[in-house]
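Asks: Quick one, fold the following:
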Amino acid sequence: MRTIFFVEDDAVIIQVYRAKLLREGFHVEVAEDGIAALKMLPTVNADLTVLDLMMPKLGGVEVLKYIRSQAGLRDMPVIVLSNAYVSDLAREAVALGANVALLKSSCTPGQLVEVIHKLLGGRTYKPDDSQRLDEI
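Replies: Below you'll find the model as predicted:
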């Protein structure tokens, strides 16, 4: 069973996406802020991380920097799932090595699962313009 590490501070978003990921056969670990994510990353053994950028205590860009700096984590696929008003942060996240940056308000749980399957299968994913956070 593949493990998805979902880093998000909004309880409703966590509930909706976690339920879909579980139905799709994934194991899901959740961190509700950046500091919790840093503490969990060395032991969670995730196959992929879904990362919000705007979180309390420590933002997603800092979490991504940590992931890309660690030998055991740096090759893990990372999907940024955030909101349009942080597009500069999204561009920074893509520059730091996020595989895909998606607009939270336009991405459904089903679409996220599609992206996850493609990335875990070794394929790239090009979101359509309505989903792209890094182009806003």
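Asks: secondary structure element for residue 74?
Replies: For residue 74, there is no host helix or strand (DSSP states H and E).
Asks: Check the burial of it by counting its neighbours.
Replies: Other residues near residue 74 number 11, with proximity taken as other Cβ atoms under 10 Å. From N, CA and C alone the C-beta is placed, and that goes for glycine too.
Asks: Hmm, it is touching residue 68, no?
Replies: Yes. Contact criterion Cβ atoms under 8 Å: residue 74 and residue 68 qualify, at 5.1 Å.
Asks: Pull up the overlap in contacts between the two.
Replies: Each of residue 97 lies in contact with both residue 74 and residue 68 under the rule Cβ atoms under 8 Å, 6 or more residues apart in numbering.
Asks: How is the most centrally placed residue in the chain assigned, secondary-structure-wise?
Replies: For the chain, residue 50 is the residue whose C-alpha lies nearest the centre (Cα atoms, centre = their mean; 1.7 Å). Using DSSP: H, G, I helix; E, B strand; the rest coil, the structure places residue 50 in strand.
Asks: What residues does it make contact with?
Replies: Applying Cβ under 8 Å, 6+ apart, the residues near residue 50 are 4, 5, 6, 7, 8, 17, 78, 79, 81, 112, 116.
Asks: Would you reformat those residues as CSV and include secondary structure and pLDDT?
Replies: Compiled in CSV, the contacts of residue 50 are given as follows (DSSP: H, G, I helix; E, B strand; the rest coil; pLDDT from 0 to 100):
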residue, secondary structure, pLDDT
4, strand, 98
5, strand, 98
6, strand, 98
7, strand, 97
8, coil, 96
17, helix, 97
78, strand, 96
79, strand, 95
81, strand, 92
112, helix, 95
116, helix, 96
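Asks: what about the lowest-mean-pLDDT helix or strand in the chain, distance to the chain center?
Replies: Least confident helix or strand, the chain: helix 87-95 with a mean of 80, by mean pLDDT, DSSP states H and E. The gap between where helix 87-95 is centred and where its chain is centred comes out at 13 Å by Cα atoms, centre = their mean, to the nearest Å.
Asks: Give the buried residues for that helix.
Replies: By neighbour count on 16 or more other Cβ atoms under 10 Å, the buried set for helix 87-95 is 87, 89, 90, 91, 92, 93, 94.
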